[in-house]
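Asker: model the structure of this input:
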Amino acid sequence: MGRCRIRILGILLLFCIVSISEAEYLKYKDPKQPLNARVKDLLKRMTLEEKFGQMTQIERSNATAEVMKKYFIGSVLSGGGSVPAPQASPKTWVQMVNDIQSGALSTRLGIPMIYGIDAVHGHNTVYNATVFPHNVGLGVTRDPVLIKKIGEATALEVRATGIQYVFAPCIAVCRDPRWGRCYESYSEDPNIVRTMTEIIPGLQGDIPGNSRKGFPFVAGKNKVAACSKHYLGDGGTNKGINENNTVISFDGLLRIHMPAYYDSIIKGVSTIMISYSSWNGKKMHANKDLVTGLLKNKLRFKGFVISDWQGIDRITSPPHANYTYSVLAGVSAGIDMIMVPYDYIEFIDTLTHLVKNNFIPMSRIDDAVSRILRVKFIMGLFENPHADLSLANQLGSKEHRELAREAVRKSLVLLKNGKSADKPVLPLPKKSGKILVAGSHADNLGYQCGGWTITWQGLSGNNLTAGTTILDAVKQTVDSDTQVVYNENPDKNFVKSNKFSYAIVVVGEHPYAEQFGDSMNLTIPEPGPSTINNVCESVKCIVVLITGRPVVIQPYLSKIDALVAAWLPGTEGQGIADLLFGDYGFTGKLARTWFKTVDQLPMNVGDKHYDPLFPFEFGLTTQPTKY
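Answerer: This next block holds a predicted model:
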């Protein structure tokens with residue numbers, strides 16, 4: 001009898017051990033399981049609160065470990081210029097991201113968070129990162145191989161700081177340069193913008209040949225999730241006013257603004273961000289037909305859709321006027337992750353009320369959460385949630401700076417070269433007696449980089465990050481016997497009395513971002529025009545324009561001997577000197593139409609009344625000089 005009891009107890013104990021091991025096996029944590037099985041297993045284990053948390057993205061300044069744990073937050077972001085410390089090192093960034101991640105992992109189910117940042121021309125918020133030319137310049141290159149390399153370099157620099165997700169690329173088709181975001185657009189031509197989507201496999205990795213169409217893809221710890229933005233029609237707003245209304249037929253919307261999204265989806269883009277703008281009066285953040293009907297159902301996009309910064313608030317005018325309606329409209333339209341940097345508690349409470357009272361069905365919540373989890377599983381976040389310092393040496397590396405310098409060279413457009421075709425001014429001689437470098441942008445790294453650099457609106461000066469100004473590049477390029485004189489805004493007497501061989505005048509726009517860049521006149525601010533007049537009336541002059549778009553230049557054109565559109569070249573000013581002095585030749589062709597007067601706008605290639613100062617695809621070429 002005693003032996004029988006022992007045997008029964010042994011059998012019971014064995015059953016208990018088997019039951020405990022079965023209970024401990026979590027299918028969603030097993031990387032050998034199929035993706036959909038992992039998503040379904042995790043989804044069925046989640047409470048409502050855990051699901052709502054996954055749909056919520058908050059600003060890093062609010063993302064304490066306690067907040068992450070209490071609200072089950074699924075994602076964190078750095079807003080423009082939001083950093084853990086001034087001039088923070090990769091170590092400081094990685095530590096911050098890992099601290100936040102630890103908070104997320106301490107929740108019941110241990111779902112890792114995904115951290116996003118605006119790396120729109122390199123890892124532009126981070127001190128010492130390589131800052132590439134803005135998209136307006138990269139479109140000029142028409143070089144998808146180069147663009148892919150820039151994506152690869154950006155991914156490495158972003159991962160160097162522990163971050164796994166970038167709000168890039170912007171694939172807007174800017175149809176009016178008065179728009180303050182035009183420099184974030186590669187071109188007015190949708191075909192060029194399509195070509196530039198090659199940055200996506202650079203950021204994420206090449207999608208496997210057997211991948212299902214529309215499925216997101218991220219190729220491991222050296223790559224980041226990308227985000228095509230801003231869906232849809234953001235570059236076509238009336239008068240170029242930011243966040244305004246795009247008035248166009250459905251056929252026109254598909255023909256001009258949609259093509260790059262087809263390419264993005266085919267290339268496995270992980271996320272798509274919705275535009276603040278409207279289409280024919282309907283806010284995109286509330287447009288179910290275009291978000292769910294077209295993007296998710298017809299095009300079978302399987303990544304997640306994310307709102308813009310406080311984007312659902314702006315469904316109403318004024319913003320946040322009826323927040324319950326905004327949450328209802330945005331989530332019902334098909335937005336999966338809501339960027340609510342500060343008011344996340346209000347968002348979660350409102351969403352809870354709407355779901356519990358059957359205004360939003362559980363099927364919509366489960367769709368959103370499944371998409372977010374799918375991206376996280378594909379990225380390998382569950383297996384490798386924490387970052388390390390193994391890529392720290394990639395930030396601002398020599399190789400990446402050389403790549404940026406190449407991008408600068410290929411993005412410049414030579415608009416004029418001599419007052420007659422048979423007497424070109426460029427390339428310049430390196431050996432001259434004395435040359436003048438002038439202009440507000442000649443020795444200003446912040447102006448050279450533009451908006452979205454270190455801070456949201458950009459900065460002035462040379463102490464914001466590491467790089468080479470155009471003045472420094474000129475000094476490093478000319479012969480040691482050539483005297484370089486720098487005068488930011490010289491008067492006519494100074495120019496006349498110094499007997500300069502020639503002058504390089506570097507002027508342009510001051511940094512801006514989004515609506516702060518909207519301009520109805522597109523003029524170069526003073527003292528730019530004065531500097532052009534003072535210098536170019538007295539000595540042979542080469543004007544280099546640092547701008548985010550075409551600007552008014554016709555009134556000064558006759559005085560200028562050579563004119564270069566350098567756009568917003570970023571930290572590697574040496575690329576400009578490479579072309580001015582003939583180490584390389586000019587090859588760039590305009591990816592935007594250059595207007596004569598703003599009264600002509602909007603004016604794009606193919607328009608019936610097309611009368612530009614410099615047409616789309618215009619660009620003079622030069623041959624390298626053998627020294």
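Asker: quick one: the helices in the stretch 501-627 of the chain, in order.
Answerer: Using DSSP state H, counting those that start in this stretch, the helices of the stretch 501-627 of the chain run over 528-536, 554-557, 574-580.
Asker: packed most tightly, which of the ones you listed would that be?
Answerer: Mean neighbours per residue, mean count of other CB atoms under 10 Å, is largest over the helices of the stretch 501-627 of the chain for helix 574-580, with a mean of 26. All C-beta atoms are positioned from the backbone trio N, CA, C, and that covers glycine.
Asker: mean pLDDT and distance to Ile207 for the helices of the stretch 501-627 of the chain - can I get that in CSV?
Answerer: Shown next, in CSV, are the helices of the stretch 501-627 of the chain (pLDDT from 0 to 100; distance: least, CB to CB, whole Å):
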stretch, mean pLDDT, distance to Ile207
helix 528-536, 98, 45
helix 554-557, 97, 46
helix 574-580, 98, 31
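Asker: which one of those helices lies closest to Ser420?
Answerer: Ranking the helices of the stretch 501-627 of the chain by proximity to Ser420 (CB to CB) places helix 554-557 first, at 13.9 Å.
Asker: contacts for that closest one, please.
Answerer: 416, 529, 532-533, 536, 543, 563, 596-597, 613 (CB atoms under 8 Å, 6 or more residues apart in numbering).
Asker: dihedrals phi and psi, the residue positioned nearest the centre of the chain?
Answerer: For the chain, the residue nearest the mean C-alpha position is Val120 (2.3 Å; CA atoms, centre = their mean). The phi/psi pair for Val120 (degrees, to the nearest 10) reads phi -100, psi -20.
Asker: now do it against Ala513, distance only.
Answerer: Going from Val120 to Ala513 by CB to CB, to the nearest Å gives 10 Å.
Asker: overlap in contacts of these two?
Answerer: Shared contacts of Val120 and Ala513, counting by CB under 8 Å, 6+ apart, come down to Trp452.
Asker: related to what we said a few turns ago, need the pLDDT of the residue nearest to the centre of the chain.
Answerer: As predicted, Val120 sits at a pLDDT of 98.
Asker: so what's it up against?
Answerer: Val120 sits in contact with 134-135, 167-170, 184, 452, where contact means CB under 8 Å, 6+ apart.
Asker: now the helices of the stretch 501-627 of the chain in JSON lines, with distance to Tyr261?
Answerer: Output for the helices of the stretch 501-627 of the chain, formatted as JSON lines (distance: least, CB to CB, whole Å):
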{"stretch": "helix 528-536", "distance to Tyr261": "37"}
{"stretch": "helix 554-557", "distance to Tyr261": "36"}
{"stretch": "helix 574-580", "distance to Tyr261": "31"}
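Asker: closest to Gly508 out of those helices?
Answerer: Using CB to CB, those put helix 528-536 closest to Gly508, at 6.7 Å.
Asker: from the contact counts, what lies against the closest one?
Answerer: Contact partners of helix 528-536 among helices and strands, from 3 or more CB pairs under 8 Å, 6 or more residues apart in numbering; DSSP states H and E: strand 434-438, helix 492-497, strand 502-508, strand 541-546, helix 554-557.
Asker: you'd agree Thr92 is in a helix?
Answerer: Yes. Using DSSP: H, G, I helix; E, B strand; the rest coil, the assignment for Thr92 is a helix.
Asker: what about it, how many neighbours?
Answerer: 16 (other CB atoms under 10 Å).
Asker: ok, Ala37 next?
Answerer: For Ala37, the neighbour count with other CB under 10 Å is 12.
Asker: wait, it sits on Lys27?
Answerer: Yes. Here Ala37 reaches Lys27: they are 6.1 Å apart, a contact under CB atoms under 8 Å.
Asker: straight-line length of stretch 404-419, end to end?
Answerer: End-to-end distance for stretch 404-419: 31 Å, by CA to CA, to the nearest Å.
Asker: give me every residue that touches the residue nearest to Gly508 when sequence neighbours are not counted.
Answerer: In space, and not counting its chain neighbours, Gly508 is closest to Ile546: 3.4 Å by CB to CB, 6 or more residues apart in numbering. Contact analysis of Ile546 by CB under 8 Å, 6+ apart lists 441, 447-448, 450, 506-509, 566-569.
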